[in-house]
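In: Sequence first, then the predicted structure, then my questions.
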Amino acid sequence: MIALIALIKVIVLVLVILGTVAYLVLLERKVSAYMQDRIGPNRVGPKGLFQPFADILKLVLKEMIVPENANGFIHALAPVISITVALAALAVIPFGNYIVVGGQKISLMIAHVNIGVLYILAMSSLGVYGITLSGWASNNKYSLLGGLRSSAQMISYELSLGLSIIGVLMIDRTLQLDKIVQSQGAWLWNIVFQPIGFLVFVTAAFAETNRLPFDLPEAEPELVGGYHTEYSGMRWGLFFLSEYTNMIVSSALIVTLYFGGWSLPYVNYAAMMPNLAALLQVVTFLAKTGIVIFVFMWVRWTLPRFRYDQLMNVGWKIMLPLAILNLLGTGAVMLALK
Amino acid sequence: MGNNGDENRKREMNLWEKLYFPEILHGMGITLRAFFRPKFTRQYPEERWVPPPVFRGRPVLVVEDETGVERCVACGLCARVCPSLAIQVQAAETELDKERYPELFEINMLRCIFCGFCEEVCPEEAIIMSKDYELNFSDPKDAIYGKDRLLTPASHLSDRLAFLKQYR
Amino acid sequence: MAKVTIEGKTVEVENGTTVIRAAAQAGVEIPHFCWHPGLSVAGNCRMCLVEIEKMPKLAIACATQVADGMVVHVNSEKAVEARKAVLEFILINHPLDCPICDEAGECNLQDYTYSHGPGHSALEEAKNKKPKRVPLGPNVVYDAERCIMCSRCIRFMDEIAKEPTLTFVERGDRVYIDTFPGKELNNPYSMNVIDICPVGALTNRDYRFKARVWETSSTEGICTGCSRGCNTNIWVRNNEILRLTPRLNSEVNNYWICDNGRLNSFGHVNSEKRLNTPLVRKDGALQEVGWDEALSSAADALKPFSKDEVAVIGSPYSSVEDNYILQKFAKQVLGTTNIDFLQHSVDGDEDTFLIRADKTPNAYGAREVGVSSSKGTDVKKIFELIGSGKIKALYVMDDDIVTSKETEELLAKLDVLIVNHWVESKTTQLADIVFPSATFAEKYGTYVNFLGRVQLSRPAVSTLEQERVPGRFNMSRLDNFGSAFDKWNKGQRRNVRSSWEIISAVANLLGGKIRFQSAQKVFDEVAQTNPSFKGLSYAKIGAKGAPLSKGPVGKKSKEETLV
């Protein structure tokens, strides 16, 4: 029974996420267009709303080219690793508290594990394998450079990412994401206590998702697309999918860790009907996530790409010390308040 | 470092700017303002742009309205001046008063860069830049425009001819 | 001797030299229209006005003789102003039809208008109307409006062609040039008037409107129309020869060339009957095959015959190199002395100026390298032996030896007939194996004219084997910057090889060792082994040729720098 419920949750989530990603692409194109005084796609369907379907159809119909002398198996495997890991990270995201079906409480997260934060860190570090392997398997110097950059970047920023989260963990004293949400309360969110940690986390999250200003693994002007130079058709589509899934995961994580997850000020969920409360929670959570995703795009179309040495400087000389200072500061304040 | 080696562009940043994050927010403010600005996108196939006479579209050969004879005498100056070697001219003799005419006049529109040198060098004002900017081909051979597609009556080109008279 | 200072440069010239020639020796160019170094002085264009110190007025450089201590200013303000005025007068009635005119690009009037001209006309009156497109003869068209009445053509016909045909008609601004009544400009040298015409008044009917000069490349070549070997420029566009013009060589042809050489000596290069691939007779018909197959079947066909059963016929049309390799092949590989070439003399068709009865460019050279009857069997004897069945295999290089019905029947008796030739001919139709060979315009080769002067011809037309590359070829702008996808580069490049290459390949398949990398290497060996060619090399021959060491030596050249 538990397995069946989990399976249903997985299927629903994966379908919803894939659909969302398709429309996120459209959203991104629209956002970029508006920021550049353009209109963006408006030809397919009313206001261009069916554009994602056209995009997907095109990707499916396109030939998947495998370069000569490439490692065919790893070349095919790499995008699968990327998307699998990206989707797997969603398992511990709490979209809401719980719903009641037939008198049974069903949690609105797939896996109710008590090491949720660690799990997410683990999954996001696995994601680098997809990119690095694709770069290696393509038998192309640009792809290889992209892959190498990606691994170096991930290692550099995972450290600050992990350290910045510890501040949150110290305050909330749990690794479980839904508990973190609950412990933040209605409006005293973690961002109030952890502003520096938040900045470090967001910066690291940008780097982890390979999005501008940290998209050096792709870096079109210098690497002609980086790790996915040699990918086409739906294999390339999978990389695209995983990039946007990663963005959703990161946004959801930011919301969960720093913006109180599903909680809203002046709203007392406990006083409502459980299912109505769950609906409101999910809507709240998605709305908050959506806003963060918009910020992701906003930043992308505002900032230029870092140079590689700048990226490394920021990672090791600014983000890491900041994260450690934040950690020490949090500890000191907690000791003082004790 | 960081200024592409141009010392003139070098500028000391103050602390506020060095903090970086405030400047990011500043930049994001700019893009957000752009977000709500009115858009000027032209819906191309439905709304078409009619270029002003100064526009340099694809080069065409002028045909006199009264006589139906092309102005070109196949002197080959356009072919000589063409920086991308797009023009090929073969002259031949006619019985007309102007003893020479282009037996073959071809412009490879894949090579043409619309610089207008041919128009400028032409001693007969025979090759001029039209307003046609809608060029597409599905075969490289289609891109080689022969006399059949180049010859255009002068009455269709009155804008450009008047422009040339005024400014050249 | 007189010491003259021209534009600050002092030269010592012989007494009686005109100022314009002295200036040329000093390296100073004086603009001129009517004066031509090969013609008498007329002095009617007034374009060569220069300022000479202590002379009261400006003097024309072409008719003024130098005096010791003379100081000449060519580009002084006074002289330039005077020439500007002269030019303006000439341009009063000269039509502004450079776009139509064939001379554009090589027109003296155009050049001087650029350097001296006002750039606009001071007159509002309409220009004179005069006869246009007047056919003066079979090859020359006259445009009276463009004519500046320099009289060069009239003087040429009087002095060089020695057949006064042209004259001025009318007076003043109505003057034009015409033939004498009942006469036609059909002299065998008539087309030289086109070259010497300083404007586009006289044009070439064969070349009219074919191409602009700047589209073509010009290569130093040799006319192969007769044994004079006039020096030419070969004008090529799109890998096609468009015209020949004479090139100054005071040892051979001076500034001139005959109409026949100019018009007809390159016809076979562009011919539609040009052979484009090796042919081998299979099942009674000639079939196109690849080079390797044709070469090996030629070797196989020659193998069974003994040295007395084979004969070789060289060619007075081919270069020294081709004939040298052919005789080497005959003597070293086939071991035969049955070697000769066919004479192509047209008795009576000659004159005392340039045209020679021997219509081949290299009979002297072929004989000189050993393709001759002196040491073996001559052509007549070879034909006899073919008739009697003694000679069963024949190799013919670059020549059509079928001159009559009888020779045609004789050749049919042969077991094997191998032919190198550039066009389809009666001989190639009878042949068992045909190799397409390169013409004079497609290869490096030397030719020895009847005076024993060795002259080098450079390739002007590219073949499949020889890419048009800088250094080897003279290039036009289109050659330099066009791509393989451009139509003007689509001119046919034929699948032909030089005869010496073909013959050495056959020889090597028969066990010979004739290995040369280039025609130049072949000639180096000729120079080493043949005393007549001693001390000669391509570098030494250069553009003007060099005499054989035993050949008659011509007079020393004087005016090579003048145009």
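Out: Nice, thanks for sending it over. Numbers count the residues shown, from 1 in each chain, chains lettered A, B, ... in the order given.
In: C:Val402 reaches C:Thr427, doesn't it?
Out: Yes - with contact defined as C-beta atoms under 8 Å, C:Val402 reaches C:Thr427; the gap is 5.1 Å. C-betas here are computed from N, CA, C, even on glycine.
In: Looking at these two, which has the bigger crowd around it?
Out: Under the neighbour definition other C-beta atoms under 10 Å in any protein chain shown, C:Val402 and C:Thr427 were set side by side, and C:Thr427 has more, 22 against 19.
In: what is in contact with C:Val402 and C:Thr427 at once?
Out: C:Leu411 (C-beta atoms under 8 Å, 6 or more residues apart in numbering or on different chains).
In: which residues touch stretch A:311-321?
Out: So stretch A:311-321 is contacted by A:152-153, A:156-157, A:159-160, A:163, A:200, A:203-204, A:207, A:214, A:216, A:306 (C-beta under 8 Å, 6+ apart).
In: who are the neighbours in contact with whichever residue of the stretch 201-338 of chain A sits closest to chain B?
Out: Relative to chain B, the nearest point of the stretch 201-338 of chain A is A:Thr302 (4.5 Å; C-beta to the nearest C-beta). The neighbours of A:Thr302, taking C-beta under 8 Å, 6+ apart as the test, are A:35, B:24, B:27-28, B:30-31.
In: Tell me the one of those residues nearest chain C?
Out: A:Met35 (41.9 Å).
In: Chain B contacts on chain C?
Out: Counting by C-beta under 8 Å from any C-beta of the partner chain, chain C comes close to chain B at C:98-100, C:104, C:132-133, C:208-212, C:214-215, C:477-478, C:481-482, C:485-488.
In: try chain A
Out: A:31, A:34-39, A:199, A:298-299, A:301-303.
In: Mind checking which of those are buried?
Out: Applying 16 or more other C-beta atoms under 10 Å in any protein chain shown to the residues of chain A next to chain B, the neighbour count classes A:31, A:34-35, A:199, A:298-299, A:301-303 as buried.
In: now, which of these sits nearest chain C?
Out: Closest to chain C, out of all of those and judged by C-beta to the nearest C-beta, is A:Trp301, at 40.6 Å.
In: list the contacts for C:Leu464?
Out: C:Leu464 neighbours (C-beta under 8 Å, 6+ apart): C:493-496.
In: residues making contact with stretch B:11-28?
Out: Under C-beta under 8 Å, 6+ apart, the answer for stretch B:11-28 is A:199, A:298-299, A:302-303.
In: cool, stretch C:165-173 as well?
Out: By C-beta under 8 Å, 6+ apart, stretch C:165-173 touches C:92-93, C:128, C:136, C:149, C:151, C:153-154, C:157, C:175-180, C:183-185, C:187, C:190, C:193.
In: hey, where'd the helices end up in chain B?
Out: B:15-18, B:21-35, B:77-81, B:117-121, B:147-150, B:158-167 (DSSP state H).
In: and the ones you listed, which is most packed in?
Out: helix B:77-81 (a mean of 22; mean count of other C-beta atoms under 10 Å in any protein chain shown).
In: Remind me what that helix packs against, helices and strands.
Out: strand B:87-93, helix B:117-121 (3 or more C-beta pairs under 8 Å, 6 or more residues apart in numbering or on different chains; DSSP states H and E).
In: who's in contact with C:Lys540?
Out: Contacts of C:Lys540 (C-beta under 8 Å, 6+ apart): C:Ala546.
In: for A:Arg43, helix, strand, or coil?
Out: coil (DSSP: H, G, I helix; E, B strand; the rest coil).
In: Skipping adjacent residues, who's closest to it in space?
Out: In this structure, A:Arg43 finds its nearest non-sequential neighbour in A:Gln51, 7.8 Å apart by C-beta to C-beta, 6 or more residues apart in numbering or on different chains.
In: in terms of contact, does that neighbour touch A:Glu28 like I think?
Out: No - contact criterion C-beta under 8 Å: A:Gln51 and A:Glu28 do not qualify, at 11.2 Å.
In: picking that back up, greatest separation within the contacts of A:Thr302: which pair is it?
Out: A:Met35 and B:Ile24 (14.8 Å; C-beta to C-beta).
In: Among the contacts of stretch A:311-321, which lie within helices?
Out: Per DSSP H, those map to helices at A:152-153, A:156-157, A:159-160, A:163, A:200, A:203-204, A:207.
In: Out of these, which comes closest to C:Gly225?
Out: A:Ala152 (76.9 Å).
In: ok, and the closest non-adjacent residue to the closest one?
Out: That would be A:Met312: by C-beta to C-beta, 6+ apart, it lies 7.5 Å from A:Ala152.
In: same thing with C:Glu424?
Out: C:Lys273 (4.4 Å).
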